[in-house]
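Participant: give the three-dimensional model of this entry:
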Amino acid sequence: MLQPYASPVERAWYFGMRGLVGLILAFLFLPILVIVPLSFNADSFLMYPMSGFSLRWYEEFATSPAWRQALMNSLIVSPLATLLAMVLGTLASIGLVRAEFPGKALLTAVLISPMVVPVVVIGVAMYIFFAPLGLTGSYTGLVLAHAILGVPFVVTTVTATLQGFDFNLVRAASSLGANPITTFFRVTLPMVAPGIISGGLFAFATSFDEVVVTLFLASPEQATLPRQMFAGIRENISPTIAAVATILIVLSTLMLMTLEWLRRRAERMRGARR
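Facilitator: Have a look, this model is predicted:
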């Protein structure tokens with residue numbers, strides 16, 4: 001907050017920085033906001049000015065067999081990949097936090113490497129590994145590949161949540177006769193659930209938006225929504241793509257709101273424990 005006694009230099013810095021931040025936000029958000037009105041354009045071209053208002057492209061998305069199949073594929077692959085990533089990432093996080101062993105840092109780096117390795121490299125590596133196993137062109141291979149991409153997000157968020165977890169609660173439950181499975185579901189899981197859900201949302205968003213790995217592994221019948229959009233842009237730019245993009249923008253906004261709610265819930269839980 002700018003103080004009343006601030007010098008001219010401090011005032012210039014204050015307003016200059018806020019102006020720069022505003023320009024950066026405009027640079028990031030304007031391309032996204034520009035596409036939304038075009039999804040309601042009556043013309044068959046993605047261009048301004050718009051000739052009229054129409055929902056025909058949303059109707060095209062809802063009735064086209066290709067788009068419906070792509071949506072169905074995404075709704076099959078992404079939830080399964082997210083569930084698998086949440087299970088594997090949570091178990092890996094608990095093991096990394098509770099155990100001390102040689103090579104722990106190396107194992108952590110390997111687990112989160114899909115976040116930093118170029119996705120093209122990951123796609124080529126997965127194709128080379130999955131092809132001899134007969135997993136290319138199958139839903140199983142696609143789900144496994146998307147789960148691998150989502151595991152680092154779950155590991156990161158759950159590990160961060162476990163940093164403030166009091167493992168004396170686990171010891172207390174064990175001393176009262178609870179077995180490890182009961183202790184996990186009754187003590188550990190409720191406390192780390194915000195981190196698991198947050199990581200799951202990131203994993204779902206990553207899977208739902210993934211196109212490069214899908215190009216390497218999926219058959220034409222398994223085209224997901226992003227791959228169908230990519231094909232539409234490459235072959236024939238249709239306003240249906242703008243309609244799909246608008247729907248994805250709304251879904252992303254809802255996920256961000258959910259993440260913010262989870263963050264505040266986690267803060268309240270930490271405050272209550274103190």
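
Participant: what's G52 in contact with, if anything?
Facilitator: Neighbouring residues of G52 by Cβ atoms under 8 Å, 6 or more residues apart in numbering: N41, A42, D43. C-beta: built from backbone N, CA, C; applies to glycine.

Participant: show me the contacts for the second one.
Facilitator: To tie it back to what came earlier, the one meant is A42. Taking Cβ under 8 Å, 6+ apart as the contact definition, A42 lies against M50, S51, G52, F53, S54, R56.

Participant: again, only this time at 10 Å
Facilitator: By Cβ atoms under 10 Å, 6 or more residues apart in numbering, the contact set of A42 is M50, S51, G52, F53, S54, L55, R56, W57, P239.

Participant: verify the contact between the second one and N41 for me.
Facilitator: Meaning S51. Yes: S51 is in contact with N41 according to Cβ atoms under 10 Å; the separation is 7.0 Å.

Participant: more neighbours: which of the two?
Facilitator: Each of S51 and N41 has its neighbours counted (other Cβ atoms under 10 Å); N41 has more, 22 against 11.

Participant: how about the nearest residue to that one, chain neighbours excluded?
Facilitator: Among residues not flanking N41 along the chain, M50 sits closest, at 4.6 Å (Cβ to Cβ, 6 or more residues apart in numbering).

Participant: what's the local residue count around the one you found?
Facilitator: By other Cβ under 10 Å, 14 other residues sit near M50.

Participant: again with T159
Facilitator: T159, neighbours per other Cβ under 10 Å, totals 22.

Participant: what residues are up against the closest residue to it other than its chain neighbours?
Facilitator: Excluding its sequence neighbours, the residue lying closest to T159 (Cβ to Cβ, 6+ apart) is S93, at 4.6 Å. Counting by Cβ under 10 Å, 6+ apart, S93 touches 108, 111, 151, 154-162, 192, 195-196, 199.

Participant: who wins for most neighbours among those?
Facilitator: Of the contacts of S93, with other Cβ under 10 Å as the count, V154 tops at 31 neighbours.

Participant: can you name the residues that contact that residue?
Facilitator: Contacts for V154 (Cβ under 10 Å, 6+ apart) come out as 82, 84-93, 111, 147, 195-203.

Participant: cutoff 7 Å now
Facilitator: V154 makes contacts with A85, M86, G89, T90, I196, G199, G200, A203, as judged by Cβ atoms under 7 Å, 6 or more residues apart in numbering.
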